[in-house]
Every structure is written in C-alpha cells, then in structure tokens.
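Asker: I would like the atomic coordinates for the input below:
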Amino acid sequence: MAGRIPQQFIDELISRVDIVEVIDARVPLRKTGRDYTARCPFHEEKSPSFTVSPTKQFYHCFGCQAHGTAISFLMEYEHLDFIEAVHELANKVGLEVPKSSGPDAVPAPPNTELYDILEQATRLYREQLREHPVAVDYLKQRGLTGAVAAEFAIGYAPPGWDTALQNLGKTGRSQQSLLEAGLLIKKDQGGYYDRFRNRIMFPIRDRRGRVIGFGGRVLDKDGTPKYLNSPETPVFHKGNELYGLYEAQQALRRLERLLVVEGYMDVVALAQNGIHYAVATLGTATTPEHVERLFRAAPELIFCFDGDRAGREAAWRAVEHALPNLRDGRQARVIFLPEGDDPDSLVRREGREQFEQRIAQSVPISTFYYEGLLKQTDISSMEGRARLVELARPMLSKLNAGVLRHMMITKLAELTHLDVNALSRMLAGNARPVTTTTNPPSSRPPHTFRSGLTPLRLGISLLLHAPKLAPRAGNPQRWSGLTTRGINLWISILELLQATPHLTGSAILEHWRGTKQEQLLTDLAMEELAIPADGYDAEFLGIVRWLDGQLREQRWAYLHDKCQREGLSGEEKREFLTFGEPSSNAPH
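Answerer: The predicted model follows:
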C-alpha cells in the first residue's frame, strides 16, 4: 500500500533503485557470493549478520530480524515516514513524485499544523524559562546545567492561565490547533485556558525529533499532580511513546542498550552524568508497544525500578511483555534501586561509574520471572511442582520455538525434577511456531516438493525469488473456485506479475505494504529455499500441476456428491467417468 502515491509510480521507483547502492552509501557492504554483507546498522554485533540481496532487492538481518525493501531501509535508518522515503529515493534516481489534485495526489504530511504549534510552544516555554529565575533556580537545585537543559529543550510554563493562549492563540484557527495539540482546555462556559501552569516543561519528541507532546513537573512539593502529560492527540499516544529515545539516538549513533526508567528528571540527570542511553515510559506501565519499539532501537534492555512493592509489580508487568519478544541477539534485565532512591538522586550521589556497576549486576528477566513464580508455590511437594508448571505454561506458550524457549523449559525441568524431554512434550501443544510455515502434504502428486513450506507458500516464495516464473502458471483465474488456504493471494500475485512483468520481489512487497498479508510475504521473501536456482522452474511447474490436481479433485468430489443426492446430467456423467476415483493429494 502506498497511501495516495500511485502504485504504478512505486513500481517504477523500485525498478530503478538498486538497494545495494542505497544501503552501501550508508553502511559499507562487502560482496560475499551472490549477496552483500555488513555488520547490522540496527543492532550491535561483532560478526556480520546483515545481508543484502541484489536479486531480491531485499535486506535481512539474521540477528535482530530487521528486513525490508529500499523504502523500508530508509524509513528505519533515516527515521523517515513512507512519503519522505519515497521522495528521497525518487530524488536519487531523478524521478518526480506525482503531484496533482486528483485521487492520485500525494498527500501533504499529516498533522503539519499540530507539529508547528508544538514547536512554537517549545520555543515559548524555553523563553519563559530564561525570564523566570525561580524556574532556573529549581533546575540548578536539581543539579542540571544549562547545556543539558538545552539538549532536552527544557522550558517553563509560568503560573498564569493564558501564557500559551495569549502568545500562540491569536486567531480562532491557532486556538483550535492549541486545543487539538493538548495545550489548552476548553471552559464549560466558553473560551480556553492553558493546560500547563507553573511547571517545568519537558518536550517529548518522536523518532524524527518532532515535538509531539509535553510532560510538566510541578516546582513545589505539594503541587498535584506531580507530573502532568499531554492528553491523547492525533500525534501523541502515551502508551507508545518514550521520553528521551530521540536524544539517546542523537547522542549515540549505535545504541548497544537502553535503560528504561520512570521519570523525565531521571533521564535528564543520567544524561548529564554521561549515561546517554536512558528513556522513560511517561509514567505509564511498560506496554508491548514500548517493548517492541525499544528492541527495534537496541538489542539489550535494562528495566530500572524502585525496590518497593510497586516497583516489583511494575517490573513483573515489564517482564511479561519483554519475555515473548526475546529472540537471538536480544537481551533484557531488571535492576532494583535502594528504597527511597531513584536514578536521579542515585547518579548524582554516586556518579556514573558506580551507577553503571549497579547496572552490570542487573538480573536477567528469565531469572526474575522464575523467582517470581517460586514465591507463589512450594516446590518441596509434588503438588507445588505441578503448580509451578501450570504457572509457567502461559508464558512458555508465548515464546518462539528456539534456544530461549528450550532453555526456559530446561530450567523449569530442573526446578520440578522432571525429564526435560517429557516436559517439552507436555508443553508442545502451546509452542508458538518460529515461522509461518506448516507441514507439507503427506500424499503428493508425482512431483516431490523440496521444502518444508506448503505448496502454495512455496509457490509464492518462488515468485518473490524469481518473478519471471509467473507466465508459466497460465491463467490463474482457473483456480478461483478452490478453497485452498492462500489461493486468493496466489492468484493476485500471479495476475500482478503477468500484467507487469518487470516487477521485482521487493516491488511485490510494496504492493502489500500495510495489509494483513505483508508479514507473510516478508517471511516468505526471507525464506532460504533448499532449491538451486536452476531448479526453480521445475519446482514451480510441480506446484501448478498440484493445484490443477486439487481443482480436478474438487470437481470430482462435487460430481460424486451430486450423483448421490440427485443424479447427474448426461454430460456430467460422461465427465464423471473420465475421472476415475482420484487418490487424495490434499494437504494435511
């Protein structure tokens, strides 16, 4: 999907762009056989696991699982949105992105007015900070320097009810923008007043550095609430955002780890003391969206919490979301601070070196998880050990099949005195498959498929590897009556490639960007087929014959059923007699 940029233009763009040139200009590549390799730009690694295929026009990292087309790479590496990435590539190859007022018009960047008004508010609050010594003194008392305040664009909203309204809301339209951006509150009797008053203001930025909201902290100890965030707006969604991530990425081009803390002041104080990899979750519990975004930024997460009951409960919620997201190359740990301390106070008292020693002593989340379960049951008895298995079962069912899941089961087997193989079999029904493939049919036509994929998924994977195979299928509409899972996607891809033969595998992916089939196609594009390139044609024709056999079998079943129910016409009888009784070749 390409928004309102014509798909025909995206196809042309992808056909002209060489993904090797795009990536090599930013990450030096080395030729290894048919492909190119490099150390992955999206996570820290010692040996290259990042591969770029000039044939498929696709990149994939076997470490962090980053993957995609040239457009995807620019979106991830340069922190661009889709439209910006298209413009960047079009500029590179000398194409002009279509501009018109019709249905194919390229849309203006969404929410431009909100971003502008939020940036204006950031400048206003910074000006107010300089004009109010009480706010400057407060920051100095907290140990912050002018340099770190500038780095995070910290400002001040004075006590009045209309600072933002008077300075930024000169017109009805600007007042509406201030309201939509969460900077004003509407009065019941009409009119507006400022949401943020007498607060230190922390701008919250998205991954491109645009201000999307604010966090405001009171100056006096008795003020409530202590922290006030912007409300939900078209550009700000608290459960998805992380304070300080943009600044961390600016300070450290390659993030090796992220320290997840609770408060704005914690992030700023840690940065001032040389720890530039801290982020905060805006006062909310860690969400699955947070975890996924964190892991996309760095391969290691350290969740930092207070050592009290509330801190341990928050840690447990974070672990429940982080464990299912662990895979090769990803790590997560938990650290608890002494009671009464937070990262802000501790790093100012102890300094960077000692604070990082505490981080080094953090506990792996797998260890913390089992420690938490052991507190809920007594494993000195058989009943207690059985309960431990049941407590662990829901989480183990969420883990991808692989090394971590095996090690988690092995640890559970040790704790419960069970044979690890027997325990694995008990839990086998709950494993989440590591790929989207299913078992091949046990009864096949004369041609034998040389892959663990189902025939249709193998066929789609072959098309992504070698789109020129498509004409060999003939008219794909003859299969439209089949009920085989995935048949509609197969037909759509064949029709697309037969109508536009020049498309590459990456162009096919761009046609399904943003759809529910995107992930499946991406997985199949990454599939390493155990078939030599000179065997693609025979394998593909075998799938075509298999589908024709499915069609023939489905027709036989229909005629057989009709014969039993109501009898056949003369023509149908003659057709039925030509079949014989086919042996089943349907997938199991």
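Asker: domain ranges for this structure?
Answerer: 7-93, 112-229, 245-369, 376-430, 455-579 (automatic domain parsing).
Asker: tell me which residues in stretch 70-86 are buried?
Answerer: 70-77, 80, 82-83, 85-86 (16 or more other CB atoms under 10 Å). For glycine as for every other residue, the C-beta is placed from the backbone atoms N, C-alpha and C.
Asker: in the stretch 301-450 of the chain, which segments are predicted with low confidence?
Answerer: Low-confidence segments of the stretch 301-450 of the chain (pLDDT under 70): 328, 401, 429-450.
Asker: which stretches of it form strands?
Answerer: 331-337, 363-364 (DSSP state E, counting those that start in this stretch).
Asker: Tell me which of the ones you listed sits nearest to residue 278.
Answerer: Closest of the strands of the stretch 301-450 of the chain to residue 278 is strand 331-337, at 11.9 Å (criterion: CB to CB).
Asker: sorry, back to before: can the strands of the stretch 301-450 of the chain go into a markdown table with extra columns for mean neighbour count?
Answerer: Converted to a markdown table, these look like this (neighbours: other CB atoms under 10 Å):
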| stretch | mean neighbour count |
| --- | --- |
| strand 331-337 | 21 |
| strand 363-364 | 14 |
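Asker: Can you convert these into TSV and add a column each for distance to residue 58?
Answerer: Shown next, in TSV, are these (distance: least, CB to CB, whole Å):
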stretch	distance to residue 58
strand 331-337	27
strand 363-364	34
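Asker: looking at those strands, which is closest to residue 468?
Answerer: In terms of CB to CB, the element of those nearest to residue 468 is strand 331-337, at 42.6 Å.
Asker: Only C-alpha atoms, please: export that closest one in CSV.
Answerer: Provided in CSV are the C-alpha atoms of strand 331-337 (Å, rounded to 0.1, in the frame of the first residue of the first chain):
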residue,chain,number,x,y,z
GLN,A,331,18.5,-9.5,26.0
ALA,A,332,16.6,-7.9,28.9
ARG,A,333,17.5,-7.5,32.5
VAL,A,334,16.0,-5.9,35.7
ILE,A,335,17.6,-3.7,38.3
PHE,A,336,16.1,-2.6,41.6
LEU,A,337,17.3,0.6,43.3
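Asker: strands paired with that strand, and their directions?
Answerer: Strand 331-337 has its sheet partners listed here by DSSP bridges as strand 300-306 (parallel), strand 363-364 (antiparallel).
Asker: right, so those: which one is the most enclosed?
Answerer: Highest mean neighbour count of the strands paired with strand 331-337: strand 300-306, a mean of 23 (counted as mean count of other CB atoms under 10 Å).
Asker: ok, and what's touching that one?
Answerer: Identification of contacts with strand 300-306 by CB atoms under 8 Å, 6 or more residues apart in numbering yields 256-262, 286, 291, 294-295, 311-312, 314-315, 318-319, 322, 330-337, 339, 341-343, 359, 362, 365.
Asker: Touching, residue 259 and residue 281? I think so.
Answerer: No. When contacts are counted by CB atoms under 8 Å, residue 259 is not listed as touching residue 281 (11.8 Å).
Asker: More neighbours: which of the two?
Answerer: residue 259 (28 against 22; other CB atoms under 10 Å).
Asker: circling back to that earlier point, which of the contacts of strand 300-306 are buried?
Answerer: Buried among those (16+ other CB under 10 Å): 257-262, 286, 291, 294-295, 311, 314-315, 318-319, 322, 330-337, 342-343, 362, 365.
Asker: Out of those residues, which sit inside helices?
Answerer: Among these, the members falling in helices (DSSP state H) are 291, 294-295, 311, 314-315, 318-319, 322, 343, 365.
Asker: Closest one of the residues you listed to residue 460?
Answerer: residue 295 (28.0 Å).
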